[in-house]
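S.K.: build me a structure from this.
(2 chains, ligands or ions: 3)
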Amino acid sequence: MSNINTSINICGVEMKNPVTTASGTFGSGREYGEFVDLNRLGAVTVKGVAAHPWKGNNSPRIAETYGGMLNSVGLQNPGADYFMENDIPFLRQFDTKIIVNICGHSIEEYCEVAEKLSDADIDLFELNISCPNVSEGGIAFGTQPVMVEKVVSEVKKYTKRPLIVKLSPNVTDITEIARAAVSGGADALSLINTLMGMRIDIHRRKPVLANKIGGFSGPAVKPVAVRMVYQVSKAVDVPIIGMGGISNGDDAIEFIMAGATGVAVGTANFANPFATIEVVEGIENYMRKYGIKDLSEIRGIID
Amino acid sequence: MKSVSIAEIIKNENISENIYDMLISVPEIAKEAKAGQFINVYTGKGECLLPRPISICGIDEKKGTIRMVFQVVGKGTELFSALKAGDTVKVLGPLGNGYDISEECTNNVLIGGGIGVPPLLELAKRLKGKKQVFIGARTNPILVKEFKALGADVYVATDDGSEGFKGNAVELVRKINPDVDAIYSCGPKIMLKAVADWAEEKGIKAQVSMEERMACGIGACVGCAVKIKKEGESDWSNLKVCKDGPVFLSNEVVWNE
Ligand SMILES: Cc1cc2nc3c(=O)[nH]c(=O)nc-3n(C[C@H](O)[C@H](O)[C@H](O)COP(=O)(O)OP(=O)(O)OC[C@H]3O[C@@H](n4cnc5c(N)ncnc54)[C@H](O)[C@@H]3O)c2cc1C
Ligand SMILES: Cc1cc2nc3c(=O)[nH]c(=O)nc-3n(C[C@H](O)[C@H](O)[C@H](O)COP(=O)(O)O)c2cc1C
Ligand code: FES
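M.R.: Ligands and ions are numbered 1, 2, ... in the order given. Next up, the predicted model:
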């Protein structure tokens, strides 16, 4: 039966299948690990980790929208020390790769967390320069090519593992940002982070989110994400992890055809705790149905 | 491994304006559930992506059923209200920590506001000692007869005075001034704060059930933050209503926002 090969390689890191989790939607795997076998995922991408604990934004932080949601969590996290002590040993019990998403308010903070984690037992870094929910850092770094190149090249000095740079979709030309990240030294790219969005409660005449504005994710954003993965894959030569609204295997195949090597499942976990595994199985089913032996046969096949 | 349950609806009745009383068959949840916990109810509609958290109002372990009482306020609860006996619904639970039942307390005061009343019913069933239940509502108080049937002293407050005391539930508590050594509450935040103030005067840590917008419901997304300052800690931190709550101690909640 299994003459299909779902494995992929991201900068020398072999994943048994292309499926990982979208940072911030899966914690460090503990909670959803009670529903799905983490051994079956190509990698777990953890919630953003900063050098020191962050408290995050005020509540409400969540608002549902048609076919999607807004969040303004604001990267609440217990910091790198806690992460290294608790989450890495937990994840290392499983046969899955660890992708650590890192965040900061300034270039110094990005470098500090990268340095703290430089000898940690992890497989890949994912640099979040695209979070819309923090006032400094985050998106400010991810939307200007000059800044992107600078922060990536600085962080790169401290990372001993391959560096994935996560791109913001809140830009006019995503390829310009992608090129800047690659010239700064990005080994791979991931996209998309959330789109900036807003909801207003017309009865209370107030924004639904305490932070007013939040990040838009879920099935509704998928066409935007597929388009951006497609454009970026034509513009640069590094591997791409595609995400944005992936809920099943067919969605994942779309991203792979658009040029993604890996795929991440985010918001879909909330609607279905088994989403990650269903994506893994859906990809396998698609491969069997069309007689595909290796994902390279369909990767980036759209001109 | 945990699983999402497919529950059969046994009944779904309109008991008051916009309020539905739903009984579902889910033995695996009924076996584990405690008073004050909640379940995630899935809408099954892609456009309403997120599960809806609904408190457990009744648990029948023998029959394997869970009861929920919910108010129609939007698209998800509207969908639930249309479900009929024999239909199925996907649910996940029990979630959260529930109330801590202290065996020694002899004078229990339960204070519920609006759609916060239902979880107190299962709690009242399990409490030993005297039960004094204060039910607040804008106009139609719910579940009054059922609390009475459990032998509780029930006091009712309505904002418009259409039933019982005219005013809110905590004003009524202060007026009655019951003997008390344990306080349990669920309802709107503004009411819970008033409960916390009264509890502080009485030197009691009330158990209050908080509400926040959720995505995952299981502690993974940090969407449902509430500011809690634990005794002995110098600063507050954002805890998760779904995992660390929904029940918190009133003296640990940071109320002033
Ligand atoms: C721990 C907990 C227990 C609850 N128990 C009950 C109960 O026993 N009975 C009951 O009627 N209601 C209860 N609620 C409130 C209930 O979850 C909301 O009324 C419901 O989610 C509204 O969904 P909707 O689709 O009808 O509304 P919409 O406004 O269409 O919902 C849009 C989004 O906002 C969320 N949302 C809207 N209102 C609330 C709210 N008040 N609290 C949290 N999320 C909200 C929804 O879950 C959904 O994600 C509880 C909430 C929490 C957090
Ligand atoms: C609740 C929530 C928290 C998130 N937290 C992070 C984060 O900490 N770091 C990050 O890089 N992206 C974060 N994201 C963005 C996701 O990783 C992903 O890029 C985005 O949600 C699009 O994918 P999706 O539609 O599958 O969710 C978060 C998204 C959500 C919904
Ligand atoms: S709803 Fe996700 S952590 Fe509470």
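S.K.: in chain A, which residue sits closest to ligand 2?
M.R.: A:Gly24 (1.8 Å; Cβ to the nearest ligand atom). C-betas here are computed from N, CA, C, even on glycine.
S.K.: what residues does the stretch 51-200 of chain B have near chain A?
M.R.: When proximity is defined as Cβ under 8 Å from any Cβ of the partner chain, the stretch 51-200 of chain B approaches chain A at B:Pro51, B:Leu92.
S.K.: just the strands in the stretch 51-200 of chain B please.
M.R.: B:52-55, B:58-60, B:65-71, B:88-95, B:107-113, B:130-137, B:153-158, B:165-166, B:182-186 (DSSP state E, counting those that start in this stretch).
S.K.: of these, which approaches A:Asn101 most closely?
M.R.: Ranking the strands of the stretch 51-200 of chain B by distance to A:Asn101, with Cβ to Cβ as the measure, places strand B:88-95 first at 25.9 Å.
S.K.: does the closest one reach ligand 1?
M.R.: No - judged by Cβ under 6 Å from any ligand atom, strand B:88-95 makes no contact with ligand 1; its nearest approach is 7.9 Å.
S.K.: okay, angle between that strand and strand B:65-71 too, please.
M.R.: 100 degrees (axes from the mean of the first three to the mean of the last three Cα atoms, to 10 degrees).
S.K.: from one end of stretch B:220-240 to the other, what's the distance?
M.R.: Using Cα to Cα, to the nearest Å, the end-to-end distance of stretch B:220-240 comes out at 9 Å.
S.K.: which residues are in contact with it?
M.R.: Under the criterion Cβ atoms under 8 Å, 6 or more residues apart in numbering or on different chains, residues A:24-27, A:30-32, A:47, A:55-56, A:58-59, A:61-62, A:71, A:73, A:76, A:269-270, B:210, B:212-217, B:219, B:241-242, B:244-245, B:248, B:251-254, B:257 lie in contact with stretch B:220-240.
S.K.: give me the buried positions along that stretch.
M.R.: With burial defined by 16 or more other Cβ atoms under 10 Å in any protein chain shown, the residues of stretch B:220-240 counted as buried are B:220-228, B:237-240.
S.K.: repeat that for stretch A:96-109.
M.R.: For stretch A:96-109, using 16+ other Cβ under 10 Å, the buried residues are A:Thr96, A:Lys97, A:Ile98, A:Ile99, A:Val100, A:Asn101, A:Ile102, A:Cys103, A:Gly104, A:His105, A:Ile107, A:Glu109.
S.K.: what's the farthest-apart pair in these?
M.R.: In the buried residues of stretch A:96-109, the most distant members under the criterion Cβ to Cβ are A:Thr96 and A:Ile107, with 30.9 Å between them.
S.K.: restricted to strands, list the contacts of stretch B:220-240.
M.R.: Residues of those located in strands (DSSP state E): A:Ile62, A:Asn71, B:Phe248.
S.K.: how many neighbouring residues does the first one have?
M.R.: What that stands for is A:Ile62. Neighbour count for A:Ile62, taken as other Cβ atoms under 10 Å in any protein chain shown: 25.
S.K.: give the contact list for it.
M.R.: In this structure, A:Ile62 makes contact with A:Met69, A:Leu70, A:Asn71, A:Leu209, B:Leu50, B:Arg213, B:Met214, B:Ala215, B:Cys221, B:Gly223, B:Cys224, judged by Cβ under 8 Å, 6+ apart.
S.K.: and the residue in the stretch 1-150 of chain B that ligand 3 sits nearest to, what are its bridge partners?
M.R.: Using Cβ to the nearest ligand atom, the closest approach of the stretch 1-150 of chain B to ligand 3 is made by B:Pro53 at 8.1 Å. Assessed by DSSP bridges, B:Pro53 has beta-bridge partners B:Asn40.
S.K.: that one and B:Cys186: what is the separation?
M.R.: 13 Å (Cβ to Cβ, to the nearest Å).
S.K.: among these two, which residue is more densely surrounded?
M.R.: Summary of the neighbour comparison: B:Pro53 and B:Cys186, criterion other Cβ under 10 Å, with B:Cys186 having more neighbours (29 against 22).
S.K.: coming back round to it: among the contacts of stretch B:220-240, name the buried ones.
M.R.: When neighbours are counted using 16+ other Cβ under 10 Å, the contacts of stretch B:220-240 contain these buried positions: A:24-27, A:30-32, A:47, A:56, A:59, A:61-62, A:71, A:73, A:76, A:269-270, B:210, B:212-217, B:219, B:241-242, B:244-245, B:248, B:252-253.
S.K.: which of the residues you listed come close to ligand 1?
M.R.: Filtered for proximity to ligand 1 (Cβ under 6 Å from any ligand atom), these shrink to B:Glu212, B:Arg213, B:Met214.
S.K.: would you turn those residues into CSV with pLDDT and distance to A:Tyr286?
M.R.: Formatted as CSV, the entries for those read as follows, by pLDDT from 0 to 100; distance: Cβ to Cβ, whole Å:
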residue, pLDDT, distance to A:Tyr286
B:Glu212, 97, 39
B:Arg213, 97, 35
B:Met214, 98, 33
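S.K.: from those residues, which is closest to B:Ile9?
M.R.: Top of the list for closeness to B:Ile9, among those and by Cβ to Cβ, is B:Met214 at 22.7 Å.
S.K.: confidence score at the residue lying closest to the closest one once chain neighbours are set aside?
M.R.: Take B:Met214 and drop its neighbours on the chain: the residue closest to it by Cβ to Cβ, 6 or more residues apart in numbering or on different chains is B:Cys224, 4.6 Å away. For B:Cys224, the model assigns a pLDDT of 98.
S.K.: smallest gap between chain B and ligand 2, at which residue?
M.R.: Taking Cβ to the nearest ligand atom, chain B has B:Cys221 as its residue nearest ligand 2, at 4.3 Å.
S.K.: neighbours around B:Glu163, how many?
M.R.: In terms of burial, B:Glu163 registers 15 neighbours under the definition other Cβ under 10 Å.
S.K.: next, see if stretch A:206-220 gets close to ligand 1.
M.R.: No - shown here: stretch A:206-220 not in contact with ligand 1 (Cβ under 6 Å from any ligand atom), separated by at least 8.0 Å.
S.K.: need the per-residue pLDDT for the residue lying closest to A:Val46 once chain neighbours are set aside.
M.R.: Excluding its sequence neighbours, the residue lying closest to A:Val46 (Cβ to Cβ, 6+ apart) is A:Ser28, at 4.7 Å. Per-residue confidence at A:Ser28 stands at 96 (pLDDT).
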